[in-house]
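>>> Mind looking at a prediction? Sequence and model below.
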Amino acid sequence: MLVYKVIKQRFTPSQELYSMMETFRQIVNECIRIGLDNNISTLRKFSSNHYHDLKKYDIQSKYKLTAISQACVRLAQMKRSIREGKTPKFPYIQRPYLVSCYGFKINEMLFSIPVGDRRYINIILSHYAQAILLDKSLKVKSFVITPDSISLGIQKEVKEIQCYNAVGIDRNLRNVTVGNHDKITMYDTEDLPKITYRTKKVTASFKRNDYRIRQKIYSKIGNRRARRVRQFLNRVSKDIVQKARESCSMIVLEDIKGIRKMYRKGNGQGNKHRAMMNSWPFYELQRQIQYKSAWEGIPVRFVSPVCTSILCPICGSRTQEDRFQHRQLWCSSCKKLMDRDVIAAMNISYKGLQQFCNPSGLSGEVMKRGLDNAMPTILRVDGSKLGLKV
Ligand SMILES: [Zn+2]
């Protein structure tokens, strides 16, 4: 199985490189225009019919080819959106950039980009990138340069680990609960709604009625929020994947695609509640877990979210909500009060085991495993302090 990852580092391009990026941007926009005029969105058709239209641009032909493919991707995306009944804008590239998968060289700490006449522009790689590229099984497949960064796309051949164990992940607003019948870890994510709330307060305090300045400030604050959230989830997902690798377990998640539809305007919920529910980055955590575990060869599987936080993980009967204790469920046949998120994580791991590790076995077989161990040990981890290793 081939897996991909991107290494990104800060980088300010030289004047020569910047003008190449600008030319590249112009070519992509020109290709988009030609594609729209002639209704072409495939690389092959474009290259055979319209490659000569790009003669006027002074750049190496390999960059022209990647520019065509970049334009084709955007045209195909637009076509897909139209098919889905949306009304997309015409694609247009505003920032200069450069993408290529041909002709570059890597020499330990130097990354060299061809600029024509057998000349190269050298970029010093960061220590982080150098450390990753020491692994000789990795292949650098492409690079992307933007006005403030350079990203290298790397590829690796990974063998998927054979797993006989599963950890379930229950995501909700206040915490992320990970585990199975013998160990549960709870990551406290209370800080995430706080970050969003504070960002909202700051943007709301902006009173000046000037669209241009407002847009600038909003994007600056919004980017900061996105970076903070990503960084926070990065620690959580890293820890989850590391523990899954140590215990040789597959990761099981709930398939909650379309959850945002539950919190749309007109669904009878308050504005604040909807804003809070929609602020939780469900997908970002999933994305990080998916790419990190793919890199390690850990399988990630999805199960249906039906009944995961209702049924008792020990006996399988329906639980009742405790009226006095928040988020606690009572199982009348086991005579036990259990945390709702722990129940969900355990049920998700059982479902995963049942569907993906034990396809021929009986469904009761897996459920019985819970009976041997009464309740798992619960470890609580504050997500924001993960870097300090609790
Ligand atoms: Zn029970």
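Nice, thanks for sending it over. Residues are numbered from 1 along each chain as shown.
>>> Flag every residue of this structure that's near the ion.
312, 314-315, 331, 333-334 (Cβ under 5 Å from the ion). All C-beta atoms are positioned from the backbone trio N, CA, C, and that covers glycine.
>>> Secondary structure class of the residue of the stretch 101-250 of the chain found nearest the ion, three-state.
Closest approach between the stretch 101-250 of the chain and the ion, counting by Cβ to the ion: residue 181, at 13.1 Å. Here residue 181 is recorded as coil under DSSP: H, G, I helix; E, B strand; the rest coil.
>>> Tell me the confidence at it?
If you check residue 181, the pLDDT there is 86.
>>> same deal with the one 5 residues further on?
Turning to residue 186, the model gives it a pLDDT of 92.
>>> repeat for residue 37
What the model reports as pLDDT for residue 37 is 93.
>>> State the three-state secondary structure for it.
Per three-state DSSP, residue 37 ends up helix.
>>> Okay, and which of the residues of the chain next to the ion map to strands?
Residues of the residues of the chain next to the ion located in strands (DSSP state E): residue 331.
>>> Give me the buried subset of the residues of the chain next to the ion.
Buried residues within those, counting neighbours by 16 or more other Cβ atoms under 10 Å: 312, 314-315, 331, 334.
>>> next one: stretch 191-209 to chain centre, how far?
Centre-to-centre, stretch 191-209 and its host chain are 24 Å apart (Cα atoms, centre = their mean, to the nearest Å).
>>> Which residues belonging to it are considered buried?
192-193, 195-196, 199.
>>> re the thing from before, need the buried ones among the residues of the chain next to the ion in TSV with pLDDT, can you?
Formatted as TSV, these follow (pLDDT from 0 to 100):
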residue	pLDDT
312	88
314	85
315	86
331	87
334	85
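>>> of those residues, closest to residue 377?
Using Cβ to Cβ, residue 314 comes nearest to residue 377 of those, at 15.2 Å.
>>> before we move on, the earlier item: right, and the pair among the residues of the chain next to the ion with maximum separation?
314 and 333 (8.8 Å).
>>> And the residue of the stretch 101-250 of the chain closest to the ion, its phi and psi?
Per-residue torsions, residue 181: phi -70, psi -20 (degrees, to the nearest 10).
>>> Next, count neighbours for it.
24 (other Cβ atoms under 10 Å).
>>> do the same with residue 29
Neighbour number of residue 29 under other Cβ under 10 Å is 17.
>>> now swap in residue 89 and tell me
Residue 89: 7 neighbours (other Cβ under 10 Å).
>>> can you pull the pLDDT of it?
In this model, residue 89 carries a pLDDT of 91.
>>> Assign it to helix, strand or coil.
Relying on three-state DSSP, one would call residue 89 coil.
>>> swap in residue 244?
Per three-state DSSP, residue 244 ends up helix.
>>> from memory it sits against residue 297, does it?
No - in this structure, residue 244 is not within contact of residue 297 by Cβ atoms under 8 Å, at 10.8 Å.
>>> more crowded one of these two?
Neighbours per residue (other Cβ under 10 Å) separate residue 244 from residue 297, with residue 244 holding more: 26 against 17.
>>> Give the helix, strand or coil label for the one residue sitting closest to the centre of the chain.
Nearest residue to the geometric centre of the chain (Cα atoms, centre = their mean): residue 287, 2.7 Å. What three-state DSSP gives for residue 287 is helix.
>>> again, but for residue 160
coil.
>>> Where does pLDDT dip in the protein?
358-374, 387-390 (pLDDT under 70).
>>> mind listing the helices in this structure by residue range?
For the chain, the helices defined by DSSP state H cover 15-38, 43-50, 61-83, 127-133, 191-204, 211-246, 271-279, 282-296, 340-352, 363-372.
>>> And the contacts of the fifth one?
Outside helix 191-204, the residues that touch it by Cβ atoms under 8 Å, 6 or more residues apart in numbering are 173, 217-218, 221-222, 224-225, 228-229, 232, 275-276, 279-281, 383-384.
>>> thinking again about what came up before, just the helices of the chain: most buried one?
Ranked by mean neighbour count under mean count of other Cβ atoms under 10 Å, the helices of the chain are led by helix 340-352, which reaches a mean of 26.
>>> tell me which strands and helices it is in contact with?
The helices and strands touching helix 340-352, judged by 3 or more Cβ pairs under 8 Å, 6 or more residues apart in numbering; DSSP states H and E, are strand 165-171, strand 175-179, strand 183-188, strand 249-254, strand 300-303, strand 328-331, helix 363-372.
>>> thinking again about what came up before, would you turn the helices of the chain into a markdown table with distance to residue 1?
Shown next, in a markdown table, are the helices of the chain (distance: least, Cβ to Cβ, whole Å):
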| stretch | distance to residue 1 |
| --- | --- |
| helix 15-38 | 31 |
| helix 43-50 | 25 |
| helix 61-83 | 24 |
| helix 127-133 | 19 |
| helix 191-204 | 32 |
| helix 211-246 | 16 |
| helix 271-279 | 34 |
| helix 282-296 | 8 |
| helix 340-352 | 19 |
| helix 363-372 | 26 |
